[in-house]
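[1] no FASTA, just this:
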């Protein structure tokens, strides 16, 4: 039989127990139609990247399914009718992933880094980058005053030249 990975997003308004019951009802649909659910992971309530049907959060679940296509199609049809399901995605795979999924392994990543607090301390303890030397303001002032003096001289000579004529 074909193998599928199925991800389900439930509304944020329902309780975790209601969402778990919803997932179990979809598992029953698969089993009634001659398939089996190899693994189910409830990932909990998570933030969404953008609003979906006026929801900012959703309950997430992953199911690894070994089932005929008709059973998966019936499960998807039922999900489309349910108001508690925001989105779902079913992918056909060559083999099912053994062990925990990447979403459940995600917490281990912070442990390898030493946690967020240590990460911020490391950033603060780094030496500050060297600043580039800016041109000296005294040199600019000297050049500017020389230009100003020249223009003042030319104005005076122009005035004097006008008087002489």
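    Cool, the structure landed. Since this is a predicted model, take the numbers as computed values, not measurements.
[2] Buried ones in the host helix or strand of residue 19, by neighbour count?
    Per DSSP states H and E: residue 19 is located in helix 16-32. The neighbour-count check on helix 16-32 (16 or more other Cβ atoms under 10 Å) flags 19-20, 22-23, 26-27, 29-30 as buried. All C-beta spots, glycine's among them, are computed from the backbone N, C-alpha and C.
[3] same for the very next helix or strand once past it, what does it pack against?
    Heading C-terminal from helix 16-32, the first helix or strand you meet, by DSSP H and E, is strand 36-52. Contacts defined by 3 or more Cβ pairs under 8 Å, 6 or more residues apart in numbering; DSSP states H and E place strand 36-52 against helix 16-32, strand 55-66, helix 102-113.
[4] The first one packs against which elements?
    Think helix 16-32. Counting contacts by 3+ Cβ pairs under 8 Å, 6+ apart, helix 16-32 is packed against strand 3-10, strand 36-52, strand 55-66, helix 69-81.
[5] same question, the second one
    The criterion is 3+ Cβ pairs under 8 Å, 6+ apart, and the helices and strands that strand 55-66 contacts are strand 3-10, helix 16-32, strand 36-52, strand 85-93.
[6] could you check the angle helix 69-81 makes with the second one?
    Spelled out, it's helix 16-32. Counting by axes from the mean of the first three to the mean of the last three Cα atoms, to 10 degrees, helix 16-32 lies at 150 degrees to helix 69-81.
[7] Do you know the pLDDT at the residue nearest to residue 18 when sequence neighbours are not counted?
    Excluding its sequence neighbours, the residue lying closest to residue 18 (Cβ to Cβ, 6 or more residues apart in numbering) is residue 84, at 7.4 Å. On pLDDT, residue 84 comes in at 93.
[8] got the contact list for residue 84?
    10-11, 14, 18-19, 22 (Cβ atoms under 8 Å, 6 or more residues apart in numbering).
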